[in-house]
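Q: okay, predicted coordinates and the sequence, questions at the end:
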Amino acid sequence: MAEAVVMPKLGNTVESAIILGWHVAVGDAISAGDLLCEIETDKATLEIESTASGILLAQLCAEGEEVPVLSNIAVVGSEGESIAEIAPVSEGGPAPRKLVKISPRARNLAQRNGLDFESIAGSGPGGRVIERDIEAALSGAKVTPVAQAMLDSGDYEVATDHARDRPVSKADLVPVTAERSGKAIPLTGLRKTIARRMRESLQSTAQLTLNASADARALQGYRRRLKASDAGLGLSAVSINDLLLFAVSRTLPEFPALNALFENEVIYEQDEVHLGQAVDTDRGLLAPVIRSADSLTLNQLAAEARRLAEACRAGSVQPDELSGGSFTVSNLGALGIESFTPILNPPQVGILGVGSINLKPVQQDGEVAFVPHIGLSLTINHQVVDGAPAARFLARLSTNLAQIDLLVAI
């Protein structure tokens, strides 16, 4: 009997994933545990194994298609076996008579309005039904797929004299007057998700950034001692960034308003510090979370930060390792950035940007001395965090960094 292979549940926060590529063609033999396809969530790239053995009878999703978790993505069975009884998605209802390519957003919109989407011609890639197709069907307007595809290409636009009360046709399109050159790169996958989240972050929060700096002499001196320490202690790999993460994890519990989440007009102060760290990867920016960072030793925290960063760059980080943070640190100091405005990762209410270490003139015993300082930029959600407590957090963090050796000894 033919069996469906489903998109597995990918952690507690992932609702869908994009099919990046199939590793088995229709008609090929496959065994349970064999690599079937590669997928991309908004957090990571993962490999999906077949849960059945036999012949791959059907691929129910196209490459580039976004598929809800627990949906059927393929059918495995005996050669020539019928797949008519297996629905393309697992929604608990009877199996459709035909396979319909439809995006999750379009499907939800159609179901909310009781619209039968099987007869709708999709204007998305490969004839996929997308949200605008459902909206057009609900409004009674029909946009031709050809015209819509030309609109999507970006090379044409609707003429200004087009009557809004009739469907857009090819005759209503005119070439875009602006000249374009270079390579066109559409937003997809993780890059598209990052773009959406950055926009939503700025639209949904009142962001305020405070800038300060901390005396970095103790940081540099302690880092030199760790690097020169006995290899058996396992401390030589601890970096300046690890020391920063450690200091933040010990400072935040004193300021619960910053170690908090803001959702649906409710502030949730966290009992533990689940510390996110921004990691630059070839696929885009990721922020894996160091769980219970405030209870880890310096060596444990450094090891976990290193493990998560390596997993992000290798593409093996798990979805649950990229969610649940209560505060984030983004360090651009290694790239020579002195200060910047980090963007919040909602529902978190605070993010710390870390800059480079530079000499700063300070007055000592009536004379000016140049002392290395590290730049700190704290962005808060001013809807729920005021400037004064944020400033006190920065001041306390600066003190802790200036005496990092004492902080580690506590």
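A: The structure has been received and is ready for your questions.

Q: any stretches of the stretch 1-150 of the chain with poor pLDDT?
A: For the stretch 1-150 of the chain, applying pLDDT under 70 flags the ranges 42-43, 87-101, 104, 108, 111-112, 125-126, 139-150.

Q: could you redo the last one with a cut-off of 80?
A: Scanning the stretch 1-150 of the chain for pLDDT under 80 picks out 1, 11-14, 41-45, 64, 84-119, 121, 123-128, 131, 135-150.

Q: mind listing the helices for it?
A: 104-112, 131-139, 145-153 (DSSP state H, counting those that start in this stretch).

Q: what about the strands in the stretch 51-200 of the chain?
A: 54-59, 66-68, 72-77, 156-158, 173-175 (DSSP state E, counting those that start in this stretch).

Q: any chance of a markdown table for those strands, columns distance to residue 340 and mean neighbour count?
A: Heads up, the C-betas are built off the backbone N, CA and C, glycines and all. Conversion of the strands of the stretch 51-200 of the chain to a markdown table gives the following (distance: least, C-beta to C-beta, whole Å; neighbours: other C-beta atoms under 10 Å):
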| stretch | distance to residue 340 | mean neighbour count |
| --- | --- | --- |
| strand 54-59 | 44 | 20 |
| strand 66-68 | 32 | 20 |
| strand 72-77 | 41 | 24 |
| strand 156-158 | 36 | 16 |
| strand 173-175 | 40 | 14 |
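
Q: among those, which is nearest residue 33?
A: Residue 33 lies closest, by C-beta to C-beta, to one member of those: strand 72-77, at 12.1 Å.

Q: out of the strands of the stretch 51-200 of the chain, the one nearest residue 36 is which?
A: With C-beta to C-beta as the yardstick, what comes closest out of those is strand 72-77 (6.4 Å).

Q: summarise which helices and strands that closest one is packed against.
A: Based on contacts counted as 3 or more C-beta pairs under 8 Å, 6 or more residues apart in numbering; DSSP states H and E, the elements that strand 72-77 packs against are strand 3-6, strand 35-40, strand 54-59.

Q: closest to residue 70 out of these?
A: Distances from residue 70 to each of those were compared using C-beta to C-beta; the shortest belongs to strand 3-6, at 5.6 Å.

Q: leaving out chain neighbours, which residue sits closest to residue 369?
A: Nearest-residue entry for residue 369: residue 362, 5.8 Å, with adjacent residues in sequence omitted and distances by C-beta to C-beta, 6 or more residues apart in numbering.

Q: helix/strand/coil for that neighbour?
A: Secondary structure for residue 362, judged by DSSP: H, G, I helix; E, B strand; the rest coil, is strand.

Q: quick one: it and residue 368 touch, right?
A: Yes - at 7.2 Å, residue 362 counts as touching residue 368 under the criterion of C-beta atoms under 8 Å.

Q: which residue of those two possesses the greater neighbour count?
A: Neighbours were tallied for residue 362 and for residue 368 using other C-beta atoms under 10 Å; the higher tally belongs to residue 362 (12 against 9).

Q: so how many other residues sit close to residue 242?
A: Once other C-beta under 10 Å is used to define contacts, residue 242 is seen to have 22 neighbours.

Q: now it: which helix or strand?
A: Here residue 242, judged by DSSP states H and E, is contained in helix 240-251.
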